[in-house]
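**Q** sequence-free structure coming up:
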C-alpha cells in the first residue's frame, strides 16, 4: 500500500494533509525518514512513526480504555467531556466509537472501535456477551439480596425478570456481578430492586477481555479481536 494511503486510512488527515506530512519529513519507517508519498509498504505488521510517535497499521482499530469518571460515552456530550477526547486525533478522525455506553460516573473497561461488525457482535442482545462489574453498594449487602439478584428481579418498564449470571462477594459492600444483558442502567436498577443502592460502579471485563492491572485510569491500548471474543 502507498504510504500516503496508509496514513489516510489510519486517520492522519485528508489525502493532501497526509502527503504533506510525508514530503515534509514527518514520517519514519524503520528509523528512516520516507519522503515519497508513493512509496509502497507491506502493511502486515507495519510500524510507522509520525513526529516521533510510533503507530501500528491496523485495518480496524480496537481500543481498550480504562474510563475515568466524569466523561460521557458520546460524540456529542451534553454535560461532561466526551471520552473520545482522551484519544489522539488520528483515532478520533478514523471514527472509533464506544461499544455500548458507561455512565458518566461509571469507570473501568471501555472498548472503542471503528469495526461496525464487531460493535454489532458485542452489543446485539442475542449474542449474550458477558460483562463483569465491580459494584460498591451504599449499604451492606445481605445473602437475601444476593439470592434475589441471582434468581432475577423485575425492573420498571420490563416484561421479564433480569438476573445476574454470577456473583462474587468481596466484602460487605463490594461484589462483582456478571450479566449478559445490556439494559439501561441495568446494574444500578437491579441493586435498587433488592433494596440497596450503587455508590460506585467499575467494569472489569467485557467478553473474554479483562481490564489489565497496568492500564490506569484514562489510559488506552490497541487490542486484538481475538482477545475479546
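**A** Happy to help now that I have it. Note that the coordinates shown come from a computational prediction; the quantities given were computed from them, not determined experimentally.

**Q** Could you list the domains of this protein?
**A** For the chain, the structural domains run 3-56, 62-124+209-228, 130-206, going by automatic domain parsing.

**Q** now those as TSV including mean pLDDT and mean neighbour count?
**A** For every residue, glycine as well, the C-beta is placed using N, CA and C. Listed next are the domains of the chain as TSV, based on pLDDT from 0 to 100; neighbours: other CB atoms under 10 Å:
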stretch	mean pLDDT	mean neighbour count
domain 3-56	97	15
domain 62-124+209-228	95	16
domain 130-206	96	16
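
**Q** Check the offset of stretch 110-126 from the chain's centre.
**A** With CA atoms, centre = their mean, to the nearest Å as the basis, stretch 110-126 stands 10 Å off its chain's centre.

**Q** Please report the distance of the most centrally placed residue in the chain from residue 66.
**A** Centroid-nearest residue in the chain: residue 111, 1.6 Å away (criterion: CA atoms, centre = their mean). Using CB to CB, to the nearest Å, we find residue 111 at a distance of 11 Å from residue 66.

**Q** Then residue 128?
**A** For residue 128 relative to residue 66 (CB to CB), the value is 25 Å.

**Q** and the residue of the chain most remote from its centre, what does it touch?
**A** Here the chain reaches farthest from its C-alpha mean at residue 36, the gap being 35.6 Å by CA atoms, centre = their mean. Residue 36 is in contact with 3, 22, counting by CB atoms under 8 Å, 6 or more residues apart in numbering.

**Q** Alright, that wraps it up for me.
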